[in-house]
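> using only what follows, build the 3D model:
(chains A, B, C and D)
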Protein chains: 2
Amino acid sequence: MTHRLEFLDLQAFILVAELGSFHEAAQRLHLSQPALSRRIQKLEELLEVELLERTTRRTHLTPIGADFLPRARRMIEEYESSILNMRELATHQKGTVTIACLPTAAFYFLPSVIRGFSEAWPGIRIRILDVSANEGLQRVINGEADFGINMFSAQSAEVSFTPLLRDPFVLALRSDHPLAAKKSIQWADLEQVRLITVSRDSGNRTLLDNALSAEGIRLNSFYEVQHLSTSLGLVESGLGVAILPKMTMPGPDHDTLCSRELPEPRIQRTIGLVRSSSHSISSTAQLFIDMLLEHWGNSTDS
Amino acid sequence: MTHRLEFLDLQAFILVAELGSFHEAAQRLHLSQPALSRRIQKLEELLEVELLERTTRRTHLTPIGADFLPRARRMIEEYESSILNMRELATHQKGTVTIACLPTAAFYFLPSVIRGFSEAWPGIRIRILDVSANEGLQRVINGEADFGINMFSAQSAEVSFTPLLRDPFVLALRSDHPLAAKKSIQWADLEQVRLITVSRDSGNRTLLDNALSAEGIRLNSFYEVQHLSTSLGLVESGLGVAILPKMTMPGPDHDTLCSRELPEPRIQRTIGLVRSSSHSISSTAQLFIDMLLEHWGNSTDS
DNA sequence: TCATATTGATTCAATATATGCATTAATGTG
DNA sequence: CACATTAATGCATATATTGAATCAATATGA
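Numbers count the residues shown, from 1 in each chain, chains lettered A, B, ... in the order given. Below you'll find the model as predicted:
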C-alpha cells in the first residue's frame, strides 16, 4: 500500500541527506542507528527508488534522492506550518466569528461587545450578516453563521433560543406631528394618519399583525417599505407615522423624531440568541457568546 | 513525538471530510470502520485539535478541520507528484547525463552516440562539459560529471579508466607546405619550420614532451596557444606546422590541410572512459555508457 | 602492512501499534 | 416505538518498530 509513509521518514531522510551520516542523524532524531537505517530502507522500498548512496564511510544522495530532497522539505514545511496555524486557531490567536444578526439588533447589541471582544482577542475577525429574521435563521441552521441574534418568533426545531431582551413596539413620529401632543395614543387615532409599514415578508410585520388581529384591530398601511430603517426615514421626512420596535429609535436627544407608547395590548418582540442544535458551536464563537451574555444576559428581567 | 503522522492518515481525513461518513470512507480505504475511526482519533490526538464533529448520523468539519483540509490536500498532492516524478526519473523518462569530455573527443565520439541515445531516451538531457584533461578529471572526481572521456595520462587513484581508442600524433600542415611533398618526415625536418604548440599546461603537450625527451628529441616551439583547435587554425592560415592528435584533424577531403605520419617513436594518446571509484554511476549515465561502449568499445584493437 | 576505529547493515527479542470482529451507545426514520 | 444506521469501544491478534549486540567493510595511522 502506498501512502504508508510517515513524516518522520521524510525528516529522517532530510537529516541523513544534510548530515551525510546515519550516525549523526540518528542522534539528532533520538533514534538508534539501526532504527534509522531501517527507516530509510523502508522509505526507499516504499518509493521503489534508491535515495542514498551508502559506503561504509560516507553517505550521499543519488540523483533521484537529490530530486526528492526539496520535495520532502516542502512536505515537512507544509505540515509544520499547518500545525502552527492550527495552534493559532485553537488558542484564538486567529479565527473568525460569523453572526447572523437583525440589522436593528446589530446597532443595539453588538458594538459594545465587539469592542471588548476585539480587545481580548485581537486576532479574531468578526463578520456580521445583517439580514432579515428568516434569512438569519437559515444561515444559523445551515451553519453559515456561528450563531444568530434574532426574534423569538423566528423559531425552528433545529435551533435553540436564549432570550436577551424584550423590545416593545412604539409609535414613531415627528415631534411636530399632531399626535405627538396627545397624552396617550389610542388605536383609533392611527386610523386618522398615514401609516408606514414594512412588507408582510418581514418578521416584525408578522408579529405585529398577529398580535393586533387577535384583538380585532386592523391597521391600514399607506406606505410600504422593506426595511425598518427606511420607514424611520420616511417618518422623519414627515410623510407619516410608523409602529416600530423601540430599539430602532434614535436616542431621546433627537431633534425631529420622537416616540410614544402604544395602548394595550402591549406588543413586543423578544430578541435573543439563536444557536443551531445540529452544528456545535466553535470555541471561538463560544467566547463571543460568553461575552455577549455577560453584557446583555440579564436584560430580559427589565 | 510529532512527525509520527502517516500520509494515509491525511488521506483518511480528507476522505471522511469529503464523504461526511466514516463508513463510506472506510470502504474506499479498504479498512474496517473501527480502524478508520481510530486512525482519525490518532490524527486528532497528534495535532491536539478536533478536526471532525461527529454525530451518530452525520459527520462534518469543525472550523479548524476546514482550515486543515486544503493543507492536507496540498501535502498529499506534493507527495503523489513526488512519486510520479521519481518514477519518471527511475524509468529514464526524465533526467540528465553530464559528461566531462575533451573538446576534440567531443567532436569525435559523442555525436553518433548522442543521436542514438536521444532517440532511445528522448526525455533525457545531455550536458557536455568540454574542458581540459585535468579539469575533466576533477569534475568526475568531485561528482559534477557522471563520467568523463579523457586521456589515459589523466589518471588518479580515485578514477578507473577504460580505454576506447588509441589516437596517434601526426604532423598537421598545409597541403602547399614544403614538407607535405616529402615522402617521410624526420624529426630533424621540424627544426627547419615554425612549430605551433599548445601550452605546457595541456595534457597533450605533457604527453608529447615526455615521449620525446625520453628519446632525446626536443622541439622548439615558435607559436604557443591554449587549444588544439586554435593551433589547427594557425596551421591552416599558413603560419606553421603543428603536432596534433590525429583525432583533431579534419577528414581527408579537406582542401588546404593535410597530415603526415611522424617518425619513431610512435607517439599516441589513449582516449578512454573515466569513472569515479567513489561515486557510483547513475543508472541513466550507465545507459549512456553502455551505448558508448557499443559504438566504440572495440576500437582499441585498431 | 596490519591493528584500530568507525561506518552502515543485520539479527533477534521485546515492545508498541494497528487491525478486525463483536458489541455498545446514540439517533434519525417509518 | 421498533428498526436501521451511525460512530465508538473492548479485546484478541497480527504487524511493525525499536534497541542491544553483532557483523562486514573500509578509512586511518603506526
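
> right, and residue A:127 touches residue A:101 too?
No - assessed by Cβ atoms under 8 Å, residue A:127 is found out of contact with residue A:101, at 10.3 Å. Where you see a C-beta, it was placed from the backbone N, CA and C, and this is true even at glycine.

> element containing the residue of the stretch 51-200 of chain A found nearest DNA strand D, please.
Per Cβ to the nearest atom of the strand, residue A:56 is where the stretch 51-200 of chain A lies closest to DNA strand D, at 3.8 Å. Assigned by DSSP states H and E, residue A:56 falls within no helix or strand.

> related to what we said a few turns ago, who has more neighbours, residue A:127 and residue A:101?
Applying other Cβ atoms under 10 Å in any protein chain shown to residue A:127 and residue A:101 shows that residue A:101 carries more neighbours, namely 25 against 12.

> and that one, what does it touch?
Applying Cβ atoms under 8 Å, 6 or more residues apart in numbering or on different chains to residue A:101 gives the contacts A:109, A:110, A:128, A:129, A:130, A:131, A:136, A:148, A:149, A:150.

> now it, nearest residue through space, not along the chain?
Leaving out its chain neighbours, the residue that sits closest to residue A:101 by Cβ to Cβ, 6 or more residues apart in numbering or on different chains is residue A:149, at 4.3 Å.

> strands of the stretch 51-200 of chain A, start to end?
For the stretch 51-200 of chain A, the strands defined by DSSP state E, counting those that start in this stretch occupy A:52-54, A:59-61, A:95-101, A:124-130, A:147-151, A:159-174, A:195-198.

> ok, and does the first one reach over to DNA strand C?
Yes - judged by Cβ under 7 Å from any atom of the strand, strand A:52-54 comes into contact with DNA strand C through residue A:54.

> quick one: end-to-end distance for stretch A:185-194.
Using Cα to Cα, to the nearest Å, the end-to-end distance of stretch A:185-194 comes to 15 Å.

> buried stuff in that stretch?
Buried residues in stretch A:185-194, counted by 16 or more other Cβ atoms under 10 Å in any protein chain shown: A:185, A:187, A:189, A:190.

> centre of the chain to it, how far?
In terms of Cα atoms, centre = their mean, to the nearest Å, the centre of stretch A:185-194 is set 41 Å apart from its chain centre.

> kindly report the same for stretch A:64-71.
How far stretch A:64-71 lies from its chain's middle: 44 Å, per Cα atoms, centre = their mean.

> and if you look at stretch A:230-241?
Centroid displacement of stretch A:230-241 relative to its chain, using Cα atoms, centre = their mean, is 32 Å.

> need the residues that contact it.
For stretch A:230-241, contacts defined as Cβ under 8 Å, 6+ apart pick out A:171-174, A:177, A:179, A:190, A:193-198, A:222-223, A:225, A:242, A:244, A:248-249, A:256-257.

> what sits against the residue nearest to residue A:73 when sequence neighbours are not counted?
Leaving out its chain neighbours, the residue that sits closest to residue A:73 by Cβ to Cβ, 6+ apart is residue A:14, at 6.2 Å. Contact partners of residue A:14, counting by Cβ under 8 Å, 6+ apart, are A:69, A:72, A:73, A:76.

> what residues are up against the last one?
Residue A:76 makes contact with A:7, A:10, A:11, A:14, B:3 under the criterion Cβ under 8 Å, 6+ apart.

> now, the most widely separated pair of the contacts of residue A:101?
A:109 and A:131 (14.9 Å; Cβ to Cβ).

> more neighbours, these two?
residue A:109 (23 against 19).
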